[in-house]
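Undergrad: Build the 3D model from these lines:
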Amino acid sequence: MSSFIKISMEMIKFFIIFVLCTLLFFYVIKAVHSEYEKLDRYEYPQGNAVKVFQQEDQNVWERLSIFFRLGE
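TA: Reported below is the predicted structural model:
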């Protein structure tokens with residue numbers, strides 16, 4: 001009977017440690033998310049930065065060829 005109690009106590013300790021680590025991970029991720037949520041993703045570049053994205057006219061076959069070549 002005492003081995004059952006020891007095993008039960010070990011399982012309870014493991015469960016408590018697991019729950020505490022999970023909660024710690026959750027709150028750290030939540031804090032990181034709230035920190036990055038404040039950043040404006042679409043603000044204008046500062047300094048010498050320029051916007052370099054330009055849409056190219058490509059047909060479907062060219063895009064499919066690039067897709068298979070790059071393996072994405």
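Undergrad: Quick check: which ranges of this structure have low pLDDT?
TA: Scanning the chain for pLDDT under 70 picks out the ranges 51-52, 54-55, 72.
Undergrad: Next, count neighbours for Ser65.
TA: Neighbour count of Ser65, defined by other CB atoms under 10 Å: 12. C-beta here means a position set from N, CA and C on the backbone, and glycine is covered the same way.
Undergrad: Helix or strand: which one has it?
TA: Element membership of Ser65 [criterion: DSSP states H and E] is helix 60-70.
Undergrad: how far does that helix sit from the chain's center?
TA: Centroid separation for helix 60-70 versus its chain: 28 Å, with CA atoms, centre = their mean, to the nearest Å.
Undergrad: now Phe26, what's its secondary structure?
TA: Secondary structure assignment for Phe26 (DSSP: H, G, I helix; E, B strand; the rest coil): helix.
Undergrad: what residues does stretch 2-12 touch?
TA: Here stretch 2-12 makes contact (CB atoms under 8 Å, 6 or more residues apart in numbering) with no residue beyond itself.
Undergrad: Could I get the full set of helices for this structure?
TA: Residue ranges of the helices in the chain, as given by DSSP state H, are 2-37, 60-70.
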